[in-house]
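Enquirer: pasting a predicted model and its sequence here:
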Amino acid sequence: MLKGGRGTLKKSLRARFFGLFAGLGLIIALSVGLVMYTRYITYIRASYRETLSNVVGFIVRAYPLMSEPRNIMQEGLAQSEAYYALTSDMKTLADTFNLAYIYAIIKDGAEYKFVLDSEATADIFEGLAPEDYFLVYEPTADMLEAAKSGSLYISKKPFTDEYGVFVSAYMPLIKNGEIEGFIGADYEISKIQEFERHAVGSLLIAMVSALALAGLIAFFASSSFIRPIKAAIRALEVIANGDLTADIRPAAGGGELADMTRLLRVTQEGLKALVVSIRDKARTLSHVGSSLAEIMGQEAASARRIKANTEDAQKKARTQTASVTDTNGAMTRIMGNIGSLNANIEAQARSVSQSSSAVGKMAANIAAVTKSLKENEGNIKNLTAASERGNAALQEVSRSIKQVVEESDRLMGINRMIQNIAGKTNLLAMNAAIEAAHAGAAGKGFAVVADEIRKLAESSGGQAKMVSALLKSIQASLNGIEESTALALDNFQKIDKEVKTVSDQETEIRGAVEEQDSGSRAILEIIANSNTITENVRQDSAEMLSQSRFVIDEGENLEKLTQSLSGEMGEIAAAMGAISDAIHRIKEISRENSKSIDDLIQEISKFKIAGA
């Protein structure tokens with residue numbers, strides 16, 4: 001396509017240069033030829049008209065007899081020497097000034113007659129009657145115009161007869177306000193018209209010569225213009241094929257062509273630097289994308305572990321809730337037993353063995369509660385550790401996301417720089433097109449080059465806009481992930497706080513249960529001596545009832561806290577599911593980004609750069 005464009009450009013430039021110089025040559029030849037021809041024709045016509053005017057004026061001044069046609073007629077009728085001498089003088093004047101005829105005309109009534117002719121000979125009247133000496137003259141329109149004007153009149157258009165082509169001059173002879181006759185002179189201009197035709201031929205020859213000279217000038221001038229343009233086009237073909245190592249040499253001399261090749265070289269260097277910069281930044285982006293994908297994979301695994309641990313903690317919390325419920329039931333039953341003991345203290349004394357057995361069962365239940373509390377303490381410690389690990393992992397994810405956002409901002413800056421370079425290249429192409437327009441027809445080829453540069457700048461700007469849109473999309477996704485991570489961190493901190501609260505309350509409960517266990521042992525000892533210390537047993541029973549109520553209250557609180565912990569664990573599991581989905585989306589975006597970067601690197605690698 002470019003080769004065809006180059007041939008068209010070459011042909012177009014040469015044709016236009018040839019047309020320009022041929023047109024200039026034709027215009028100059030026509031202008032000069034027409035001016036010379038016009039001046040030549042005007043000079044010749046003015047010359048013979050002036051000759052006619054001067055000769056007639058000279059005759060009027062030098063030959064008074066010529067102004068008296070009636071006297072001439074009388075001398076002619078007498079065939080006097082004066083008549084023939086006057087005829088001879090007129091003949092001499094006609095020959096001297098290349099006039100065809102000089103003659104005198106008399107107005108005889110309504111007729112006009114010749115009374116003297118410079119071509120008349122001595123035997124002009126031989127054999128003629130006196131009344132036939134003078135021929136009748138048919139008046140012409142020019143002679144009548146002279147009669148109207150009353151002064152010398154020279155015909156504006158030549159007239160043709162069997163003797164040739166003539167221009168006539170008429171001087172009216174007026175006496176007492178009446179026209180007596182005319183002095184006339186005829187100039188034969190057939191040779192002058194032939195000279196005019198020769199002048200037209202010479203003008204055509206000069207025009208053809210000027211066209212040939214203009215063609216030669218156009219050929220050599222177009223060659224001098226086309227050579228640097230052809231070199232620039234060859235360089236552009238190489239650049240279009242991805243080779244930025246082409247050597248673009250500035251055109252010799254100065255002027256627009258030298259500026260064009262120099263700016264083309266500057267554009268090539270700028271494009272080369274731009275390609276190198278894009279290639280380096282793309283490689284950096286590729287490394288960043290790989291690192292991001294690796295980090296997201298690790299974070300996804302961490303999120304899955306956190307979710308699994310959270311679900312396990314939730315199950316254990318549910319188990320703990322069931323255990324606390326059972327404990328509350330047992331404590332309720334203990335309170336019932338203690339109530340029965342208070343109501344039947346005397347029967348209790350008689351049934352020490354039965355009471356001892358009941359207290360043993362109570363001690364066993366208290367031991368079971370203590371064991372459950374110890375196991376729950378381990379679960380809560382595991383839950384606290386898992387929460388801290390999840391919190392640390394989410395903080396690491398947050399830092400990684402912030403780093404990715406910062407890298408995206410730097411990429412946006414690089415992309416804006418690319419758009420700025422494309423805008424400046426486009427502006428440069430517009431300026432070049434304007435300069436080409438100022439140059440007229442000679443800058444049409446330069447305008448084509450400027451248009452190609454402008455298209456390249458627009459293509460670069462469009463690609464930069466696509467990259468900018470993709471980066472903005474990535475940034476929007478990262479911002480959403482960052483917000484979700486911050487929310488998850490806040491939830492983890494709340495969970496950690498609640499877990500610590502549950503742990504503290506469980507410690508208090510375990511202390512109470514241990515005290516209850518100690519009290520039960522004391523009851524066993526008291527029951528052994530119940531026969532002697534029944535009153536002490538009653539008091540201890542009342543105290544145990546009070547402690548049982550406290551244990552039940554604490555058990556209910558523990559049940560509520562355990563249910564709350566189970567709910568929080570459910571929320572943590574749901575949040576970790578959302579985090580896992582977001583991390584999976586980030587991985588997908590990272591893969592898409594890596595593919596786009598690989599495609600960009602592949603496209604950039606098509607450019608050949610020296611030293612690359």
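Expert: All right, it came through fine. Numbering: from 1, shown residues only.
Enquirer: and Gly445, how far is that from Arg234?
Expert: If you measure Gly445 against Arg234 using Cβ to Cβ, to the nearest Å, the figure is 14 Å. For every residue, glycine as well, the C-beta is placed using N, CA and C.
Enquirer: do the same with Pro172
Expert: 83 Å.
Enquirer: who has more neighbours out of those two?
Expert: Pro172 (21 against 15; other Cβ atoms under 10 Å).
Enquirer: how about the contacts made by that one?
Expert: Taking Cβ atoms under 8 Å, 6 or more residues apart in numbering, we find Pro172 in contact with 146-147, 149-151, 179, 182.
Enquirer: equivalent analysis for Leu478, please.
Expert: Contacts for Leu478 were tallied using Cβ under 8 Å, 6+ apart; they are 401, 404-405, 408, 586.
Enquirer: distance check, it against Val467.
Expert: Here the criterion is Cβ to Cβ. By it, Leu478 lies 16 Å from Val467.
Enquirer: and Ser155, how many residues sit next to it?
Expert: Ser155 has 21 neighbours, counted by other Cβ under 10 Å.
Enquirer: mind listing what Ile183 touches?
Expert: Counting by Cβ under 8 Å, 6+ apart, Ile183 touches 56, 59-60, 66-67, 102-105, 170-171, 173.
Enquirer: I'd like the next helix or strand past the helix or strand that Val208 is a member of.
Expert: Assigned by DSSP states H and E, Val208 falls within helix 190-240. Later in the chain than helix 190-240, the nearest helix or strand by DSSP H and E is helix 256-343.
Enquirer: and that next one, what does it pack against?
Expert: For helix 256-343, the elements it packs on are helix 190-240, helix 352-439, helix 444-528, helix 534-605, judged by 3 or more Cβ pairs under 8 Å, 6 or more residues apart in numbering; DSSP states H and E.
Enquirer: just the angle between that helix and helix 534-605, please?
Expert: Interaxial angle, helix 256-343 versus helix 534-605 (axes from the mean of the first three to the mean of the last three Cα atoms, to 10 degrees): 170 degrees.
Enquirer: where's helix 256-343 relative to the chain centroid, distance-wise?
Expert: Relative to its chain's centre, helix 256-343 lies at 41 Å (Cα atoms, centre = their mean, to the nearest Å).
Enquirer: what of stretch 403-411?
Expert: Mean-position distance between stretch 403-411 and its chain equals 27 Å (Cα atoms, centre = their mean).
Enquirer: now that stretch: average pLDDT?
Expert: The average pLDDT for stretch 403-411 rounds to 78.
Enquirer: buried ones in it?
Expert: Residues 404, 407-408, 411 are the ones in stretch 403-411 that count as buried (16 or more other Cβ atoms under 10 Å).
Enquirer: and of the residues you listed, the nearest to Asp117?
Expert: Set against Asp117, the nearest of those by Cβ to Cβ is Leu411 (111.5 Å).
Enquirer: was I right about the closest one contacting Ser468?
Expert: No - Leu411 lies out of contact with Ser468 (Cβ atoms under 8 Å); the separation is 9.0 Å.
Enquirer: how's this protein carved up into domains?
Expert: Here the domain assignment for the chain is 33-211, 269-605, based on automatic domain parsing.
Enquirer: show the end-to-end separation of the last one, please.
Expert: One end of domain 269-605 sits 17 Å from the other (Cα to Cα, to the nearest Å).
Enquirer: could you do the first one as well?
Expert: Terminal residues of domain 33-211 lie 13 Å apart, using Cα to Cα.
Enquirer: just give me how far it sits from the chain centre.
Expert: Using Cα atoms, centre = their mean, the offset of domain 33-211 from its chain centre is 81 Å.
Enquirer: what's the average pLDDT for it?
Expert: 86.
Enquirer: just the contacts of Pro172: which are in helices?
Expert: Counted as lying in helices by DSSP state H, out of the contacts of Pro172, are 146-147, 149.
Enquirer: need the contacts of Ile183 in CSV (columns: distance to Ala210, secondary structure and neighbour count).
Expert: CSV is the format used below for the contacts of Ile183 (distance: Cβ to Cβ, whole Å; DSSP: H, G, I helix; E, B strand; the rest coil; neighbours: other Cβ atoms under 10 Å):
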residue, distance to Ala210, secondary structure, neighbour count
Val56, 42, helix, 23
Ile59, 46, helix, 22
Val60, 48, helix, 15
Met66, 51, helix, 25
Ser67, 53, helix, 19
Ile102, 44, strand, 26
Tyr103, 47, strand, 22
Ala104, 51, strand, 29
Ile105, 50, strand, 25
Tyr170, 44, strand, 26
Met171, 46, strand, 23
Leu173, 52, strand, 21
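Enquirer: quick check, nearest of those to Gln505?
Expert: In terms of Cβ to Cβ, no member of those lies closer to Gln505 than Tyr170, at 148.1 Å.
Enquirer: which ones are touching that closest one?
Expert: Tyr170 makes contacts with 142-143, 145-146, 152-154, 182-184, as judged by Cβ under 8 Å, 6+ apart.
Enquirer: give me the subset of those lying in strands.
Expert: The strands, defined by DSSP state E, take in 153-154, 182-184 from the contacts of Tyr170.
Enquirer: ok, those residues vs Ala308, which is closest?
Expert: For these, the minimum distance to Ala308 (Cβ to Cβ) is 127.5 Å, reached by Ile154.
Enquirer: any idea how far Ser118 is from the closest one?
Expert: In terms of Cβ to Cβ, Ile154 sits 18 Å off from Ser118.
Enquirer: kindly report the same for Arg399.
Expert: To Ser118, Arg399 is 127 Å away according to Cβ to Cβ.
Enquirer: and if you look at Ser67?
Expert: Distance, Ser67 to Ser118, using Cβ to Cβ: 16 Å.
Enquirer: show me the contacts for the residue positioned nearest the centre of the chain.
Expert: Nearest to the geometric centre of the chain sits Glu458, at 4.0 Å (Cα atoms, centre = their mean). In this structure, Glu458 makes contact with 422, 426, judged by Cβ under 8 Å, 6+ apart.
Enquirer: thinking again about what came up before, and the helix holding Val208, how far from the chain's centre?
Expert: Mean-position distance between helix 190-240 and its chain equals 40 Å (Cα atoms, centre = their mean).
Enquirer: so can I have TSV of the ones in strands among the contacts of Tyr170 showing distance to Asn309?
Expert: Output for the ones in strands among the contacts of Tyr170, formatted as TSV (distance: Cβ to Cβ, whole Å):
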residue	distance to Asn309
Tyr153	132
Ile154	129
Phe182	141
Ile183	142
Gly184	139
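Enquirer: just among those, which is most surrounded?
Expert: The most crowded member of the ones in strands among the contacts of Tyr170, judged by other Cβ under 10 Å, is Ile183 (26 neighbours).
Enquirer: what sits against the closest residue to Ser594 other than its chain neighbours?
Expert: Spatial nearest neighbour of Ser594, excluding adjacent residues (Cβ to Cβ, 6 or more residues apart in numbering): Gly289 at 4.2 Å. Taking Cβ under 8 Å, 6+ apart as the contact definition, Gly289 lies against 590, 593-594, 597.
Enquirer: all the helices of the stretch 51-200 of the chain, residue numbers only.
Expert: 69-78, 81-96, 141-149, 190-240 (DSSP state H, counting those that start in this stretch).
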